[in-house]
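Q: please work out how this folds:
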Amino acid sequence: MYSCRKMVLVSANGHDQPVFFTAAFVNQLKIKKMAKQRGFLRLEGTIGDITFHKSKNGYLAKEKGGVSANRMATDPAFQRTRENGAEFGRAGKAGMVLRHSLRQLLHNTSDKRMVSRLAKRMVKVLKADTISARGERTVQAGDLQLLTGFEFNNNGKLGKALYVQYTATINRVAGTVEIDLPAFIPAVMVAAPVDATHFRLIAAGAEVDFDNDSSISQVSDSGVMPLDYTPTTPLSLSHNLTANSTEALFAILGIEFLQEVNGVHYPLKNGAYNASAIVKVSEV
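A: Next up, the predicted model:
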């Protein structure tokens, strides 16, 4: 017979039932700060210094404790932590500003992990700031060219869907962002999903002020085109922003696939092929 140290009420089918744990079991839980609950029994609540809770990663057991918020904010020992936290937050906000400027374009051309991937790339951009002190580095002063080629949908990349050699041009003086494509045969130069009958190219020009969390953008598209062997005409997707802008300028290109049913074109939203990427960046 094992001696019981704690009792907890566990909810099952709408009824609370008492469950007992041995001291050895509780001590085992204290070995790690975070542990997964296994077995058929799933707990929520607190037993001694162990808190059980449900998360998106399953049911977890966590030991109480940690550094207080006040100590984290004032103790010199956590200076590096505060600096890292400030810069990570700044990079995350920069990613949000860029995403919001492209919301219309990204609606059907981004994956579920795009936000975290973009934040990670923004951290690299920020760390390339060679002017500011550690903890005060910014995306605006970093190397924004590191964003060139960023794919908003890792499940459907632009280079694997569109094989046309396009040209992206940013004219800072005129404030224009333009993407030009020569005539091409869609059935040959576009890798489309089986269910797609049509496609359209989408593009955007964005002017982003990361220091003040603001942006201006313009989105355009080619119109719906059939996935057949009829050559397209040369295409030019143009966007007018601010002339002589002192902010970062971006050119984005994407492709969306559609299916025609009884004369109506329905977007395919499975995320496997729709793509968009940053194809050119102009820094001040």
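
Q: the residue most central in space within the chain: helix or strand, and which one exactly?
A: When CA atoms, centre = their mean is applied to the chain, the residue found nearest the centroid is residue 115 (1.7 Å). Element membership for residue 115, per DSSP states H and E: helix 114-127.

Q: need the contact partners of that helix.
A: Here helix 114-127 makes contact (CB atoms under 8 Å, 6 or more residues apart in numbering) with 87-88, 90-92, 94-95, 98-99, 106, 137-139, 142-144, 146-147, 150, 152-154. Bear in mind the C-beta positions are built from the backbone N, C-alpha and C, glycine included.

Q: and the residue nearest to the centre of the chain, how far is that from residue 234?
A: Residue 115 sits 35 Å away from residue 234, taking CB to CB, to the nearest Å as the criterion.

Q: still on that earlier bit, out of the contacts of helix 114-127, which are inside helices?
A: Under the assignment DSSP state H, the contacts of helix 114-127 contribute 87-88, 90-92, 94-95, 98-99, 106 to helices.

Q: are any of those buried, and which?
A: 87, 90-92, 94-95, 98-99, 106 (16 or more other CB atoms under 10 Å).

Q: returning to what we had before: out of the ones in helices among the contacts of helix 114-127, who's nearest residue 177?
A: Relative to residue 177, the closest of those is residue 98; by CB to CB it sits at 14.3 Å.

Q: which non-adjacent residue is nearest the closest one?
A: Distances taken as CB to CB, 6 or more residues apart in numbering put residue 208 closest to residue 98, at 5.8 Å, once the chain neighbours are dropped.

Q: what pairs with the helix or strand that contains that neighbour, parallel or antiparallel?
A: Element membership of residue 208 [criterion: DSSP H and E] is strand 198-209. The strands that strand 198-209 pairs with in its sheet are strand 214-221 (antiparallel), strand 225-226 (antiparallel), strand 248-261 (antiparallel) (by DSSP bridges).

Q: of all the ones you listed, which lies closest to residue 242?
A: Closest approach to residue 242 among these (CB to CB): strand 214-221, 6.5 Å.

Q: list the buried residues in that closest one.
A: Going by neighbour count (16+ other CB under 10 Å), the buried part of strand 214-221 is 215-221.

Q: with stretch 236-250 instead?
A: In stretch 236-250, counting by 16+ other CB under 10 Å, buried: 237, 239, 241, 245, 247-250.

Q: perfect, that will be all.
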